[in-house]
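Engineer: Structure for this input, please:
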Amino acid sequence: MNREFEGKAVIVTGSSAGIGEAIAFLFAQRGASVTLCGRDEERLNASLEKCLKAGGETTSDKIIMVCGDVNERQVRTSIVESTVKKFGRLDVLVANHADGSSSNFAEETEDEYDKIMNTNLKSVVFLIKEAIPHLEKSQGNIVCVSSVGSTKASPGHVSYLLSKAGMDHMVRCLALEYAPKGIRVNAVNPGLVSNTLIARHYKGNPQQLKAYLDSIAAKHPLRGRASTAEEQAEVVSFLASERASFVTGQCVKVDGGASLL
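Structural biologist: Just a heads-up that it's a prediction; the model follows:
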């Protein structure tokens, strides 16, 4: 069994469902000590149980969770401090949490805009600030979960795509700034993924959701379907590992070729 993260401590935000849960599960399976983070305590507990099973008999002291909103400074501080206090180090930060919008530009309110930008970009910036001193010590790395939409325009999602474009450029800037200190910074840019974030935006409109998923999936040249969360997690794991020791400042599209069209 692959245990390449044995002895490493990893934070995964937004790990109560979807891509984040799959990432946390994979790190636990491969030997890491993992801090799960999310707002929904019930779902976070369910993810924790899955990770405990993934890690095997020795995992009971290697998985913790911090429940709270990453937009709050004290929660961000708690995520990092709890990890270092429990595991004695921090090696990998996976910034996966996100919020989305399906409002058209004219209808989106300032509050809605602020919520998306704060969650998807500002909170990531300031969580990284909390983590950097510990990543310097471990020569660790950061993987952000962005979106293929960061380079592809789409009506009705202006704020979300703007936040992800900002994330990509942040990744490139931080990669240059922290390369001399041995910290790598990369991003994974998923295309359509079968997860709960999309479903949340079409809540109460199952037919509209199905039509949207079908239309987008058909535009994926590779296999004509959406990605799974597990497929995204594998790329995150690679970028966080020593197998990618000379990779930094890269935004890797994992979209079945959709962005080529």
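Engineer: which residue sits closest to R225, ignoring its sequence neighbours?
Structural biologist: Counting by Cβ to Cβ, 6 or more residues apart in numbering, R225 lies nearest to A217, which is 5.1 Å off, once chain neighbours are set aside. In short, each C-beta sits where N, CA and C put it, glycine included.
Engineer: where does N189 land on pLDDT?
Structural biologist: Looking at N189, its pLDDT reads 98.
Engineer: cool, and the one 5 residues further on?
Structural biologist: Per-residue pLDDT puts S194 at 76.
Engineer: State whether it and S227 are indeed in contact, as I suppose.
Structural biologist: Yes. Using Cβ atoms under 8 Å, S194 makes contact with S227 at a distance of 7.4 Å.
Engineer: who's more crowded, the two?
Structural biologist: Higher neighbour count among S194 and S227: S227, with 23 against 14, using other Cβ atoms under 10 Å.
Engineer: burial count for the closest residue to the more buried one other than its chain neighbours?
Structural biologist: Nearest non-adjacent residue to S227, counting by Cβ to Cβ, 6+ apart: V193, 4.9 Å away. V193 has 22 neighbours, counted by other Cβ under 10 Å.
Engineer: what sits against V193?
Structural biologist: G18, I19, A226, S227, T228, A229, Q232 (Cβ atoms under 8 Å, 6 or more residues apart in numbering).
Engineer: Tell me which residues touch the residue nearest to K86 when sequence neighbours are not counted, please.
Structural biologist: What sits nearest to K86 in space, not counting adjacent residues and going by Cβ to Cβ, 6+ apart, is I64, at 5.5 Å. Applying Cβ under 8 Å, 6+ apart, one finds that I64 lies in contact with V34, T35, L36, S82, T83, K86.
Engineer: from what I can see the third one touches I23, true?
Structural biologist: This points to L36. No. Under the criterion of Cβ under 8 Å, L36 is not in contact with I23, lying 10.0 Å apart.
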